[in-house]
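Colleague: Pasted the sequence and its predicted model underneath.
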Amino acid sequence: SLFFPSAGGGGGGGGAGAVSAEAVEMLMAMGFQKKHAEKALRQTSNDLERAGDWLLSRADMLDSMEDEPEASAPAADSSAEMQDYKPQYELVGMISHIGGNTGSGHYLCHIKKEGRWTIFNDRKVAVSEDPPLEMAYLYLYKSVGPA
C-alpha cells in the first residue's frame, strides 16, 4: 500500500479482541490514540489499510464513539458494507516549489475554495486561473464521503 507498509497480521482476522501490536504502533505514529487504533483494527479484521481509512473517515467522531458498546464481532452485512466502502477525496490545496533544489528557490501555495483556485505568493494573493496541478510538492485533500 502507498500509506501503510506491510505489517504483521495484515488482513486475516484474529478474533474480536486480537489486534496486531505493530499495526497499532503504525496508526499511533499517524497521530491516532491507541484505543482508537485498536478499535479500528478490530472493526476491519486487523487490516491496516482499511483501519486507516476507517479512522480517517470517522476522525471527527472518534471520541463520541467511545461510549458505544462494541459488538464482539461485526455482523456479516456490516463487514460487507465496510469492504465496499470507498472513500472519496477532493483536492483542496497544494504547495509547489520553483527553483533548482529545495535548499534554494521559492514555495507557493494554491488553495481551492468555493470551486476557485487562489495562489498565495508571500504577500501577493490572486485568483489562479490555471494552477500547475502536476507541479506540486505536497497535495492537500479533504474527505467528501464514500463513493
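Modeller: Sure, I can see it.
Colleague: For this structure, which residues score under the pLDDT cut-off?
Modeller: Within the chain, the stretches falling below the threshold (pLDDT under 70) are 1-17, 66-84, 147.
Colleague: In space, what's closest to the residue nearest the centre of it - neighbours in sequence excluded?
Modeller: Here the mean C-alpha position of the chain is nearest to the C-alpha of residue 56 (Cα atoms, centre = their mean), at a distance of 4.8 Å. With Cβ to Cβ, 6 or more residues apart in numbering as the criterion, residue 56 has its nearest non-adjacent residue at 6.8 Å, and that residue is residue 143. Every C-beta, even on glycine, is put in place using the N, C-alpha and C of the backbone.
Colleague: sorry, back to before: could you list the buried residues of the helix or strand where the residue nearest to the centre of the chain lies?
Modeller: Element membership of residue 56 [criterion: DSSP states H and E] is helix 48-57. When burial is assessed from 16 or more other Cβ atoms under 10 Å, helix 48-57 yields the following buried residues: 48-55, 57.
Colleague: Show me which pair in those residues is furthest apart.
Modeller: With distances taken as Cβ to Cβ, the most widely separated pair in these is 48 and 57, at 15.0 Å.
Colleague: ok, which stretches of this protein are strands?
Modeller: Listed from the start of the chain, the chain has strands (DSSP state E) covering 87-101, 104-113, 116-121, 124-127, 136-146.
Colleague: In CSV: those strands, plus mean neighbour count.
Modeller: Converted to CSV, those look like this (neighbours: other Cβ atoms under 10 Å):
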stretch, mean neighbour count
strand 87-101, 14
strand 104-113, 14
strand 116-121, 15
strand 124-127, 10
strand 136-146, 13
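Colleague: out of those, nearest to residue 31?
Modeller: Distances from residue 31 to each of these were compared using Cβ to Cβ; the shortest belongs to strand 136-146, at 15.7 Å.
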